[in-house]
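Colleague: below are the sequence and a predicted model; questions follow.
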Amino acid sequence: MAGIRLFDYQLDAIRRMKNGCILCGGVGSGKSLTALSYYYLQNGGELESISGGEYIPMDDPPADLYIITTARKRDTFEWEKELAPFLLTTSGETNLYCNRVTIDSWNNIAKYAEAKDAFFIFDEQRVVGSGVWVKSFLKIARANRWILLSATPGDSWSEYIPVFVANGFYKNRTQFIREHVIYSHAAKFPKIERYLGEGKLEALRGAILVDMDFHRPTVQHHEDIFVPYDAGLYREILRRRWDVWKDEPIENAGGL
């Protein structure tokens, strides 16, 4: 059986990946396949198989695999298609190995908080804040191997708090806030005014963020198409702001 062929940028990302990392790549970069290839290598697979060679089975049984993704991706079976080249399925009857493969949505993450010695792929990063999802994520991270997949890993430092805590950089959210957050005294609610020690935060982010050097080979082709229109009516509508089809004033810019 033929193996899996990854692009060079995907192989490069796998070499830099480690437990607790965030695999960052845009839409179409192949994050799912790269993540599964990393799992494959972590469980006794061979680099030759993901470089286009024959498929070499993993150690049996490999670690149980849990994929936490969006409800849409779960319901459209997108991950099942990515699992097929590795001879993995969510069905115990057709799975080549004796491990458990589970695909579920973020809404059900609490169901897997007691899992141990498994491998988790968290798809579409949702661990922000301090709610039930984050608490379940931190409990899972303490007892299992895991990686995160995201196209937009974080817009502010506060969004990295759960991942920093899960990696052991901070004991908890309180320690992070005490060391790095200055709140505004003028606001009537907790509003972050600025962050301290951003050099350290950038170093910590660099230690876990694995960027995929993906460039889509798209060539743009522009074509101007000239079409006729009623120039007089166009000018009249702009001048009077009047909808001639509904016979009423145009309410807003969108209508205009």
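Modeller: Arrived safely. Numbering: from 1, shown residues only.
Colleague: and the helices in this structure, which stretches?
Modeller: Along the chain, counting by DSSP state H, helices occupy 8-16, 31-42, 71-75, 78-83, 132-143, 161-166, 173-180, 198-208, 231-240.
Colleague: can you redo the ones you listed as CSV with distance to residue 110?
Modeller: Yep, even glycine has a C-beta here, placed from its N, CA and C like the rest. Shown next, in CSV, are those (distance: least, CB to CB, whole Å):
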stretch, distance to residue 110
helix 8-16, 30
helix 31-42, 22
helix 71-75, 15
helix 78-83, 20
helix 132-143, 5
helix 161-166, 15
helix 173-180, 18
helix 198-208, 24
helix 231-240, 56
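Colleague: residue 122: which of those helices is closest?
Modeller: helix 132-143 (7.1 Å; CB to CB).
Colleague: for the closest one, what is the average pLDDT?
Modeller: Mean per-residue pLDDT for helix 132-143: 93.
Colleague: centre of the chain to it, how far?
Modeller: Relative to the chain's own centre, helix 132-143 is displaced by 17 Å; criterion: CA atoms, centre = their mean, to the nearest Å.
Colleague: among the helices of the chain, which is nearest residue 111?
Modeller: Going by CB to CB, the one of those nearest residue 111 is helix 132-143, 8.5 Å.
Colleague: what helices and strands are in contact with that closest one?
Modeller: Using 3 or more CB pairs under 8 Å, 6 or more residues apart in numbering; DSSP states H and E, the elements in contact with helix 132-143 are strand 119-123, helix 161-166.
Colleague: now the helices of the chain as a markdown table including distance to residue 22 and mean neighbour count?
Modeller: Formatted as a markdown table, the helices of the chain follow (distance: least, CB to CB, whole Å; neighbours: other CB atoms under 10 Å):
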| stretch | distance to residue 22 | mean neighbour count |
| --- | --- | --- |
| helix 8-16 | 11 | 17 |
| helix 31-42 | 10 | 23 |
| helix 71-75 | 18 | 14 |
| helix 78-83 | 18 | 17 |
| helix 132-143 | 13 | 18 |
| helix 161-166 | 7 | 23 |
| helix 173-180 | 17 | 15 |
| helix 198-208 | 6 | 14 |
| helix 231-240 | 49 | 10 |
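Colleague: show me the shaky parts of the stretch 151-256 of the chain.
Modeller: For the stretch 151-256 of the chain, not a single residue meets the criterion pLDDT under 70.
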